[in-house]
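[1] Sequence and predicted model, in that order:
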Amino acid sequence: MQLQAQLRVGAALLLAVAAGVSAYVFTGYAQGYRQSAQNLHALTSYDQALKAGNAISAERAPSNILLSLDPHAAPIYAATRVEVAAARQHTDAALAQLDQLIRAQPQANGKVPQLAHARTSLAQARVAYDALARNAPAERSPQDLQTAIDKLIDARNQLDPLINDFYNEAVALAPDQTGIMQMARILSDLREYGGRLGSMLVVPLSTPQPIDAARRVAMARLRGRIDELHRLMPALMTEKTADNDDIGSRRAQVEHDFFGHTLSLVDTLMAQPGTDYGVRAAAFTSEVLPDLVALERLEDRFMQRAIMQVNDNQHAEGRHMMLIGAFLLAFCLFLLAMLRAAENLVIRPLLLAKNEIVALASGDLRRAPRAGNSVEARALHDAIDILRQQHMRSMQLSIERDELSTALRRQAHTDALTGLLNRHALEEITGDLSAEPVRLSRGRGLILMDVDYFKPINDEHGHIVGDLVLREVAGRIRHLVQDPHMAFRYGGEEFAVLTNGLSMEELCQLAEAIRRAISSDGISVPGVSTLAVTASFGVAKGNAVVITWLDLLNAADEALYQAKAQGRNQLVAAAQAPDDAGREPHSASTRS
């Protein structure tokens, strides 16, 4: 095996080992990244489920206030209706987002009907509320009021199985966040139970009527659950969580507002033996609502903290994967660099020198890549450079000769005065007209034009003015004649335009455009304001009769002669063959 092949095999083995180790480590981080993504989705779903439950709970507050108002109290009733609509819109948005998260799960068949059932219960509760809200307060019986409130509470209860499912999934996937998720669930339950306590006072405060024994038992049971959850909170406040200033301040606010104010107010109202509560349902609900919102905000802060921690873990796993990939890439580049260095120092110098000599012998003068820095290698390279320089000098001389020949040929074909092609260039295309006739295609057309009364211009104003007129006429012709057509100075004051692919009609249109361009504007010359210059035109085209270049030239020349004979400053088209007569006009004559 050649040395170069051995080096490459060794580098490939090292790269394979590094790739295997990197792949093993990368797989671990990739699994962690996927796990973090799953955890994040579970936490987000759980958080959205809690938000949906809170939204339904929060919807009860403006709805309960609405049931305590008279529909005829227009300003406050209308404002409360707007608040109810906004609360319902917020609830619907939270439920819709929860529905999207559920449907994004691989196995969500059980959760979809649960959420649909909760939505149905919520819709029925809203119908009951709306029906009562349209009645006057005297027409709303305590039983009807309590039934509507219970339906909205039941709609919230329908979400509990979903919240439990999301909680269990989140705990299973992200056990490190269990304490935070438990704390969020406690705060959500506190918000719901506190709202239910307030809702149970709506009927007595709205009627008003005494709190019956059954209601007191139910409220005492809710009060006991709240106290139990309150006792669990300190155990779930970890040292890291307690040190968070934002969470600590919100926790203190909840302790003061909800546990210190709202529950004390509820206890005071429950202690009233009669119906003189000192506050109506609407005022009571508005007073305790901010304390319930404080619970929601603290719950949201806990969930955002958990989501942020999982998100940070996911980013860390992603960074580790990027580092592993960068390491593998760097190692691969290092091996390639080492392999390239070994080839350059050991193998490539002689191989490249050999290839360069072979290429130089074949006429390739490009300097090939080189390697090696020994005295012998440098001497060999110097010798190759000397040989290359000799070849390059010879090639440069050949290029200069070709460029000179091209320049001379261009000069020989260009009219020095006008810059148009000259008659010699035209004759190279048409061939020797005095020799054997050369056939042309029917697509070829020729316009011959002669500046009218040019000799008087030369005689009266001199050759300098005459040359200026010829250059201006040539410029106007050049402006209108585009590739593939060609313009020539045929001789003296005579010009020619050789076309290809134009019909006789198009050929006459081009000739007429040139005639108008020459005659429309006078030519400014020194000592004379302007000179009016015109030209006569003869137009011919290859056809069944005009079959050679000589025929074409004679036809155009004859047409030009007729144009001059008919008064100049006009164009005459040569007669066409009978087989073309049905397609194009026989002749054309135009004069301004």
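    Received it, and whenever you're ready, just let me know what you need.

[2] just checking, F327 touches V21?
    No: counting by Cβ atoms under 8 Å, F327 sits too far from V21 to count as a contact (9.8 Å). (C-beta placed from N, C-alpha, C; glycine too.)

[3] okay, now T285: neighbour count?
    Using other Cβ atoms under 10 Å, the number of residues around T285 comes to 24.

[4] Centre of the protein to the edge, which residue is at the far end?
    Here the chain has its C-alpha centre computed as a mean, and the residue farthest from that point, by Cα atoms, centre = their mean, is D459 with 71.6 Å.

[5] what about that one, which helix or strand?
    With elements taken from DSSP states H and E, the one containing D459 is helix 454-461.

[6] From the contact counts, what lies against that helix?
    Judged by 3 or more Cβ pairs under 8 Å, 6 or more residues apart in numbering; DSSP states H and E, helix 454-461 is in contact with helix 463-480, strand 528-531.

[7] could you give the angle of that helix to helix 463-480?
    For helix 454-461 against helix 463-480, the angle between stretch directions is 140 degrees (axes from the mean of the first three to the mean of the last three Cα atoms, to 10 degrees).

[8] Only C-alpha atoms, please: export helix 454-461 in PDB.
    Extracted C-alpha coordinates of helix 454-461, given in PDB (Å, rounded to 0.1, in the frame of the first residue of the first chain):
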ATOM      1  CA  PHE A 454     -24.100  66.500 -51.500                       C
ATOM      2  CA  LYS A 455     -21.700  68.000 -54.000                       C
ATOM      3  CA  PRO A 456     -23.200  71.500 -53.700                       C
ATOM      4  CA  ILE A 457     -22.700  71.200 -49.900                       C
ATOM      5  CA  ASN A 458     -19.000  70.500 -50.400                       C
ATOM      6  CA  ASP A 459     -18.600  73.200 -53.000                       C
ATOM      7  CA  GLU A 460     -20.400  75.900 -51.000                       C
ATOM      8  CA  HIS A 461     -19.300  75.100 -47.500                       C
END
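
[9] quick one: buried residues of that helix?
    F454, I457, N458, H461 (16 or more other Cβ atoms under 10 Å).

[10] Could you check how far the first one is from L550?
    When Cβ to Cβ, to the nearest Å is applied, the distance between F454 and L550 equals 26 Å.

[11] pLDDT (mean, whole number) over stretch 121-137?
    Taken as a whole, stretch 121-137 has an average pLDDT of 90.

[12] now swap in stretch 295-312 and tell me
    The predicted confidence, averaged over stretch 295-312, sits at 87.

[13] Report the distance from that stretch to the chain centre.
    For stretch 295-312, the gap between its own C-alpha mean and the chain's C-alpha mean amounts to 34 Å (Cα atoms, centre = their mean, to the nearest Å).

[14] Make residue 1 into 775 and carry on from there
    Sounds good: first residue 775 from here, last item stretch 1069-1086.

[15] List the buried residues for that stretch?
    By neighbour count on 16+ other Cβ under 10 Å, the buried set for stretch 1069-1086 is 1069-1070, 1072-1081, 1083-1085.

[16] and what of stretch 846-865?
    Neighbour-count burial for stretch 846-865 flags T854, R855, V858, A861, R862, H864, T865 (criterion: 16+ other Cβ under 10 Å).

[17] Likewise for stretch 984-1003?
    Taking 16+ other Cβ under 10 Å as the neighbour-count basis, stretch 984-1003 is seen to contain the buried residues I985, R989, M993, L996, R997, R999, I1000.

[18] Residues touching that stretch, excluding its own?
    For stretch 984-1003, the surrounding residues in contact (Cβ atoms under 8 Å, 6 or more residues apart in numbering) are 960, 963-964, 967-968, 970-971, 974-975, 978, 1037, 1040-1041, 1043-1044, 1046-1049.

[19] again with stretch 1045-1061
    835, 838-839, 841-843, 972, 975-976, 978-985, 1039, 1043.

[20] From A823, how far off is P880?
    In this structure, P880 lies at 18 Å from A823, with Cβ to Cβ as the measure.

[21] quick one: which of those two has more around it?
    When P880 and A823 are compared on other Cβ under 10 Å, the one with more neighbours turns out to be A823, at 27 against 4.

[22] Helix or strand: which one has the more buried one?
    A823 is part of helix 777-841 when elements are defined by DSSP H and E.

[23] which helices and strands does that helix pack with?
    Under the contact definition 3+ Cβ pairs under 8 Å, 6+ apart, helix 777-841 sits against helix 848-877, helix 885-907, helix 916-931, helix 934-947, helix 952-980, helix 1055-1116.

[24] So which of those helices is nearest D1031?
    Nearest to D1031 among the helices and strands packed on helix 777-841 is helix 1055-1116; the distance by Cβ to Cβ comes to 4.1 Å.

[25] Low-confidence regions, the stretch 825-974 of the chain specifically.
    Along the stretch 825-974 of the chain, segments meeting pLDDT under 70 span 882-883.

[26] What number of residues are in the vicinity of the closest residue to A910 other than its chain neighbours?
    Nearest residue to A910 in three dimensions, chain neighbours excluded: D844, at 6.3 Å (Cβ to Cβ, 6 or more residues apart in numbering). Counted with other Cβ under 10 Å, the burial measure for D844 works out to 12 neighbours.

[27] returning to that earlier point: per-residue pLDDT, the residue farthest from the centre of the chain?
    89.

[28] ok, now H1187?
    Each residue has a pLDDT score; the one for H1187 is 83.

[29] what's the closest residue to it other than its chain neighbours in contact with, if anything?
    In space, and not counting its chain neighbours, H1187 is closest to A1199: 3.8 Å by Cβ to Cβ, 6+ apart. Contact partners of A1199, counting by Cβ under 8 Å, 6+ apart, are H1187, T1188, F1262.

[30] For the first one, give its distance to R1263.
    Right, H1187. If you go by Cβ to Cβ, the gap between H1187 and R1263 works out to 11 Å.

[31] Give me the common contacts of the two.
    Common neighbours of H1187 and R1263 (criterion: Cβ under 8 Å, 6+ apart): L1195, N1196.

[32] ok, those two, which is more surrounded?
    The residue with more neighbours, out of H1187 and R1263 and counting by other Cβ under 10 Å, is R1263; that gives 25 against 16.

[33] quick one, helices of the stretch 1225-1366 of the chain?
    According to DSSP state H, counting those that start in this stretch, the stretch 1225-1366 of the chain carries its helices in the segments 1228-1235, 1237-1254, 1278-1294, 1323-1339.

[34] And these: which comes nearest R1025?
    Going through those one by one, with Cβ to Cβ as the measure, helix 1237-1254 comes closest at 87.6 Å.

[35] The closest one: which residues count as buried?
    By neighbour count on 16+ other Cβ under 10 Å, the buried set for helix 1237-1254 is V1239, G1240, L1242, V1243, L1244, E1246, V1247, A1248, R1250, I1251, L1254.

[36] quick one: contacts of that helix?
    Helix 1237-1254 is touched from outside by 1189, 1191-1194, 1223, 1225, 1228, 1231-1232, 1261, 1263, 1267, 1269, 1271, 1284, 1287-1288, 1291-1292, 1297, 1299-1302, 1305, 1307, 1309, with contacts defined as Cβ under 8 Å, 6+ apart.

[37] Any idea how far it is from the middle of the chain?
    In terms of Cα atoms, centre = their mean, the centre of helix 1237-1254 is found 55 Å from the chain centre.

[38] quick check: angle from it to helix 1278-1294?
    The directions of helix 1237-1254 and helix 1278-1294 differ by 140 degrees, with the same axes, to 10 degrees as the criterion.

[39] Please save the CA atoms from helix 1237-1254 in CSV.
    Backbone C-alpha positions of helix 1237-1254 (Å, rounded to 0.1, in the frame of the first residue of the first chain) are rendered in CSV as follows:
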residue,chain,number,x,y,z
HIS,A,1237,-15.0,69.5,-47.3
ILE,A,1238,-14.9,70.0,-43.5
VAL,A,1239,-18.7,70.7,-43.4
GLY,A,1240,-19.2,67.9,-45.9
ASP,A,1241,-17.4,65.5,-43.6
LEU,A,1242,-19.5,66.7,-40.6
VAL,A,1243,-22.7,66.1,-42.6
LEU,A,1244,-21.6,62.6,-43.5
ARG,A,1245,-20.7,61.8,-39.8
GLU,A,1246,-24.1,63.1,-38.7
VAL,A,1247,-26.0,61.1,-41.3
ALA,A,1248,-24.0,58.0,-40.4
GLY,A,1249,-24.9,58.5,-36.7
ARG,A,1250,-28.6,58.7,-37.5
ILE,A,1251,-28.3,55.5,-39.5
ARG,A,1252,-26.4,53.7,-36.8
HIS,A,1253,-29.1,54.7,-34.2
LEU,A,1254,-31.8,52.9,-36.2
